[in-house]
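Chemist: What follows is a predicted protein model with its sequence.
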Amino acid sequence: MSHNSVFVWTLIIAVGVIVYGAVYSSTLGEISGACMSWVSYYFGWLYILSVVSFIGFCFWISLSKYGKVKLGKDDSEPEFSAFSWYAMLFCGSTGIGLVFWSIAEPLSHYAAPPYGIEAGTINAIDFSIRTCYLHWGITQWVCFAVVGLGIAYFQFRKGKNSQLSNLLSPLVGEKQVNGWFGKFIDGFSVVVSFAGVATSLGLGVSQICGGLHHLFGIPKTENTILMIIILITLVFIISAVTGIYRGIKILSNLNTYLALALLVLAFIVGPQITILNNLTNSVGQHIQYFFQDVFMINAFGNNDWVMNWRVFYYAWFVAWVPFVGMFVARISKGRTIREFITGVVIVPTLFTILWLSVFSAIALNAVQDWSLESVQKLIASPETAVFIVFSNYPLSQVISIMIIVLLGVFFITSADSATYSLSVMTSNGDINPPVYKKVVWGIVVATIAYILLSAGSLKPLQTISIAATLPFLVIMIAVMPALVKDLRKTPKE
């Protein structure tokens, strides 16, 4: 196969998706819904057990003798400071989703918890908050860490390129990796990535539009969506073209400072004692019920909530794994495996818990006197929920503007890292891909987001991309024994 074969055929698929999504959005919705229902029903248990195995693997390998192994040569040093590294880890991944759901999700589980928990009760509140910790904390970060660690190890320690197919070489051999099997894995990873990224970025644009309408009365029209996407796309393409060391690093640092400022301001204007009590109680709840929650699936009862929330999230994270894993690997050269797991799993999880403890308390405190019907009506439009909730607190205008700016910068940093990773994946693993590929993938991702938003729904592509993660989940499971097998045959380590 030619050097550019993966780029060409994945680009053809992307264009096909754009055209089909624009012309047959309702049909795509029916197909994607049926696919996701089938995957959830028959393989929900596999997603849950896989995430549990990723958690166990990450902790085991970081505490084992392999924890001291450098992701690079023995004399390699990290390329980025600890702060910049943490900033890029967080901003280049699902930070945009955390901002989008930090108000709407706690309220969703409060108003519509799973079977066996009464809505609107203290039990529903406790379940709601610890569930958000589980969804946005350790379960997503271990998914990124398993693949990111594999890519970083084989790339910087073993001198291979950063193609995802290389992760399986200890199991299937170099011949398979360099042939059609490897090309299929690399191409499939690209398809899963651009679909998952486009829908997630679409959510961000949708919330920016919701905020602009709530604050300034600007209607959410096709022209508004188009102008926002064009503006942000131009910025993130410029950033991607300038490279990791300038564009992404500077924007990620800026984004992290802005997120910290928003967190502090939200705490100041919010119910401070309630927030502190919430943090204390919910962390205890999260620890106490962790194993029960992480293994949660009913053998005989109703599993609708589990499939619609937990399995859906796990599959969504897997859809982000190819590009986030590659980006995380790229910025982690010179770290040890133990440092890598600490930075990619522990630190983001702790920050996520801190963030959600503040925002969930603010949300739940604001609706204490509301009827359940009013809360359900609010969460029916999650893109505006955060702005409506903060309108009950001081400095709501300032906070809302900060949220819109934060979403915009998160959009840019996420799209930036995605564009970079997609370019690497379609350049035979070259960590310095051609500029034209960054521009092409930037335009593709933005176009998919625009067409789906203007067609009225992101759901079809989001659902089909998530349903398509099942084969990639099998690849992720295989990465663990492949990595250990290669580590064991290196005498010094």
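Modeler: Yes, it's here.
Chemist: what about Leu164, distance to Ile399?
Modeler: Remark: distance between Leu164 and Ile399 (CB to CB, to the nearest Å) = 40 Å. The way it works is simple: take the backbone N, C-alpha and C, and place the C-beta from them, glycine included.
Chemist: out of those two, which sits in the more crowded spot?
Modeler: Leu164 (29 against 21; other CB atoms under 10 Å).
Chemist: ok, and the helix or strand in this structure with the lowest average confidence?
Modeler: Least confident helix or strand, the chain: helix 459-467 with a mean of 67, by mean pLDDT, DSSP states H and E.
Chemist: following that helix, which helix or strand shows up next?
Modeler: Per DSSP states H and E, helix 459-467 leads on to helix 469-488 as the next helix or strand towards the C-terminus.
Chemist: Mind listing residues that contact that following helix?
Modeler: The contact list for helix 469-488, computed with CB atoms under 8 Å, 6 or more residues apart in numbering, reads 39, 43, 46-47, 50, 53-54, 57, 61, 66, 69, 143, 146-147, 149-150, 153-154, 158, 164, 167-171, 185, 188-189, 192, 315, 318-319, 321-322, 493.
Chemist: quick one: terminal-to-terminal distance for stretch 454-472?
Modeler: For stretch 454-472, the first-to-last residue distance is 30 Å (CA to CA, to the nearest Å).
Chemist: Longest helix in this protein, please.
Modeler: Ranked by number of residues, the top helix in the chain under DSSP state H is helix 25-63.
Chemist: between it and helix 469-488, how big is the angle?
Modeler: Counting by axes from the mean of the first three to the mean of the last three CA atoms, to 10 degrees, helix 25-63 lies at 20 degrees to helix 469-488.
Chemist: ok now helix 25-63, how far from the chain's centre?
Modeler: Its chain's C-alpha centre and that of helix 25-63 lie 14 Å apart, by CA atoms, centre = their mean, to the nearest Å.
Chemist: before we move on, which element is Ile401 in?
Modeler: Going by DSSP H and E, Ile401 is in helix 396-425.
Chemist: Name the next helix or strand following that helix along the chain.
Modeler: helix 435-455.
Chemist: helices or strands next to that following helix in the packing?
Modeler: If you count contacts as 3 or more CB pairs under 8 Å, 6 or more residues apart in numbering; DSSP states H and E, helix 435-455 packs onto helix 5-23, helix 180-216, helix 222-242, helix 396-425, helix 459-467.
Chemist: try 7 Å this time
Modeler: Under the contact criterion of 3 or more CB pairs under 7 Å, 6 or more residues apart in numbering; DSSP states H and E, helix 435-455 touches helix 5-23, helix 180-216, helix 222-242, helix 396-425.
Chemist: May I see those arranged in CSV, with mean pLDDT as well?
Modeler: Shown next, in CSV, are these (pLDDT from 0 to 100):
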stretch, mean pLDDT
helix 5-23, 74
helix 180-216, 78
helix 222-242, 80
helix 396-425, 82
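Chemist: most packed of the ones you listed?
Modeler: Greatest average neighbour count among these goes to helix 396-425 (a mean of 24), per mean count of other CB atoms under 10 Å.
Chemist: Can you name every helix or strand that that one contacts?
Modeler: helix 95-111, helix 180-216, helix 222-242, helix 249-269, helix 312-330, helix 382-390, helix 435-455.
Chemist: Of all those, which one comes closest to Thr352?
Modeler: Nearest of the helices and strands packed on helix 396-425 to Thr352, taken as CB to CB: helix 95-111 at 6.6 Å.
Chemist: how far out from the middle of the chain is the helix or strand just after that closest one?
Modeler: Scanning forward in sequence from helix 95-111 by DSSP H and E, the next helix or strand is helix 122-136. Distance of helix 122-136 from the chain centroid (CA atoms, centre = their mean) equals 19 Å.
Chemist: Show me what counts as buried in the following helix or strand past helix 122-136.
Modeler: Proceeding C-terminally, helix 122-136 gives way to helix 138-152 as the next helix or strand, assigned by DSSP H and E. Within helix 138-152, the residues scored as buried using 16 or more other CB atoms under 10 Å are 138-152.
Chemist: sorry, back to before: could you write me a PyMOL select line covering just the buried ones among the contacts of helix 469-488?
Modeler: Selection of buried members from these for PyMOL, criterion 16+ other CB under 10 Å:
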select buried, resi 39+43+46+47+50+54+57+61+66+69+143+146+147+149+150+153+154+164+167+168+169+170+185+188+189+192+315+318+319+321+322
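Chemist: Can you give me the neighbour number for the residue lying closest to Phe144 once chain neighbours are set aside?
Modeler: Take Phe144 and drop its neighbours on the chain: the residue closest to it by CB to CB, 6 or more residues apart in numbering is Val324, 4.7 Å away. As a burial measure, Val324 scores 30 neighbours (other CB under 10 Å).
Chemist: my guess is Val324 meets Val142, correct?
Modeler: No. Contact between Val324 and Val142 fails when scored by CB atoms under 7 Å: they sit 12.0 Å apart.
Chemist: Could you dump the helices and strands packed on helix 396-425 into a markdown table and include distance to Leu483?
Modeler: Listed next are the helices and strands packed on helix 396-425 as a markdown table, based on distance: least, CB to CB, whole Å:
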| stretch | distance to Leu483 |
| --- | --- |
| helix 95-111 | 27 |
| helix 180-216 | 16 |
| helix 222-242 | 29 |
| helix 249-269 | 27 |
| helix 312-330 | 12 |
| helix 382-390 | 37 |
| helix 435-455 | 28 |
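Chemist: can you tell which of the ones you listed is closest to Gln288?
Modeler: Here helix 95-111 is closest among the helices and strands packed on helix 396-425 (CB to CB), at 17.3 Å.
Chemist: Which strands or helices does that closest one pack on?
Modeler: Secondary elements touching helix 95-111 (3+ CB pairs under 7 Å, 6+ apart): helix 122-136, helix 180-216, helix 347-366, helix 372-379, helix 382-390, helix 396-425.
Chemist: Now do the contacts for Glu79.
Modeler: 333-334 (CB atoms under 7 Å, 6 or more residues apart in numbering).
Chemist: Ok, the one 10 residues further on next?
Modeler: Leu89 is in contact with 328, 343-344, 348, counting by CB under 7 Å, 6+ apart.
Chemist: If we only consider those residues, which is nearest to Asn277?
Modeler: Distances from Asn277 to these, taken by CB to CB, are shortest for Pro348, at 24.2 Å.
Chemist: I'd say that closest one and Trp141 touch.
Modeler: Yes. Using CB under 7 Å, Pro348 is in contact with Trp141, at 5.2 Å.
Chemist: Identify the contacts common to these two.
Modeler: Contacts common to Pro348 and Trp141, judged by CB under 7 Å, 6+ apart, are absent.
Chemist: returning to what we had before: and of the helices and strands packed on helix 95-111, who's closest to Ile451?
Modeler: Across these, closest to Ile451 is helix 180-216 (CB to CB), at 9.1 Å.
Chemist: Off-centre distance for the closest one?
Modeler: On the basis of CA atoms, centre = their mean, helix 180-216 sits 10 Å off its chain's mean C-alpha point.
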